[in-house]
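Engineer: A structural model of the following input is requested.
(one chain, ligands or ions: 2)
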Amino acid sequence: MFGPSIALAIGAKFVPFRKPRKLPGKVICEEYELEYGTDCLEMQVDAVQQGDRALIVDDLVATGGTLSAAIRLLECMGAQVVECGCVVGLPEVKGQCRLNGKPVYILVEPREIDNCHRADISSGILNVPCSGWLAERGKQQHEMKA
Ligand SMILES: O=P(O)(O)OC[C@H]1O[C@H](OP(=O)(O)OP(=O)(O)O)[C@H](O)[C@@H]1O
Ligand SMILES: Nc1ncnc2[nH]cnc12
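Structural biologist: Ligands and ions are numbered 1, 2, ... in the order given. Okay, here's the model as predicted:
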């Protein structure tokens, strides 16, 4: 939902990740775990080139299963995942700890996050060469909390 607008704003191409049987052409599929059960995410095989830098945007992160499947799909096709951005983060599910060290920027959290998550966000902002909308929002969030 937010992806196309953000891609337009930062001059990037938009690559959709969809539930099975929604995308045309040849796709690759990645299974992931949800809070209850499993699901699959698909991406078109020719959507990214080797070495492309990718930002992953989703409305919400809970377990991190969806974002981690998107990371695996992109890396499988040779792209480099720079960062993830979500409007809502549900800290009680601790999904952000499943993202293998990828920085995740969150605009709204229902309540205070724990130290593990806070450390991940801080190191992402300080150490990762970020650009564009997500990086700016992440820095603003960090400054507001400081
Ligand atoms: O961090 P996670 O535990 O993976 O949860 C986050 C996902 O949950 C919601 O999608 P959902 O799978 O409910 O499907 P939807 O896109 O049809 O709403 C949301 O849009 C995220 O993609
Ligand atoms: N725990 C949760 N609450 C609301 N929306 C969700 N989407 C995925 N997990 C969710």
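Engineer: from here on, contacts and neighbour counts on C-alpha atoms
Structural biologist: Noted.
Engineer: so which strand or helix has Ser68?
Structural biologist: Here Ser68 is covered by helix 65-76, with elements defined by DSSP states H and E.
Engineer: can you give me how far that helix is from the chain middle?
Structural biologist: 8 Å (Cα atoms, centre = their mean, to the nearest Å).
Engineer: Which strands or helices does it pack on?
Structural biologist: strand 27-33, strand 38-44, strand 53-61, strand 80-89 (3 or more Cα pairs under 8 Å, 6 or more residues apart in numbering; DSSP states H and E).
Engineer: closest to Leu99 out of those?
Structural biologist: strand 80-89 (9.2 Å; Cα to Cα).
Engineer: and the closest one, which strands flank it?
Structural biologist: Strand 80-89 sits in its sheet next to strand 53-61 (parallel), strand 104-108 (parallel), going by DSSP bridges.
Engineer: could you dump the helices and strands packed on helix 65-76 to JSON lines with mean neighbour count, mean pLDDT and distance to ligand 1?
Structural biologist: Compiled in JSON lines, those are given as follows (neighbours: other Cα atoms under 10 Å; pLDDT from 0 to 100; distance: least, Cα to the nearest ligand atom, whole Å):
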{"stretch": "strand 27-33", "mean neighbour count": "17", "mean pLDDT": "96", "distance to ligand 1": "7"}
{"stretch": "strand 38-44", "mean neighbour count": "19", "mean pLDDT": "97", "distance to ligand 1": "8"}
{"stretch": "strand 53-61", "mean neighbour count": "20", "mean pLDDT": "95", "distance to ligand 1": "4"}
{"stretch": "strand 80-89", "mean neighbour count": "21", "mean pLDDT": "94", "distance to ligand 1": "8"}
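Engineer: burial count for the closest residue in space to Gly51 that isn't next to it in sequence?
Structural biologist: Residue nearest to Gly51 in three dimensions, not counting chain neighbours: Ala79, with 4.9 Å by Cα to Cα, 6 or more residues apart in numbering. Counted with other Cα atoms under 10 Å, the neighbours of Ala79 add up to 18.
Engineer: residue contacts, the residue lying closest to Lys19 once chain neighbours are set aside?
Structural biologist: Excluding the flanking residues, the one nearest Lys19 by Cα to Cα, 6+ apart is Leu41, at 5.0 Å. Each residue near Leu41 by Cα atoms under 8 Å, 6 or more residues apart in numbering is listed here: 17-20, 29-32, 66, 69-70.
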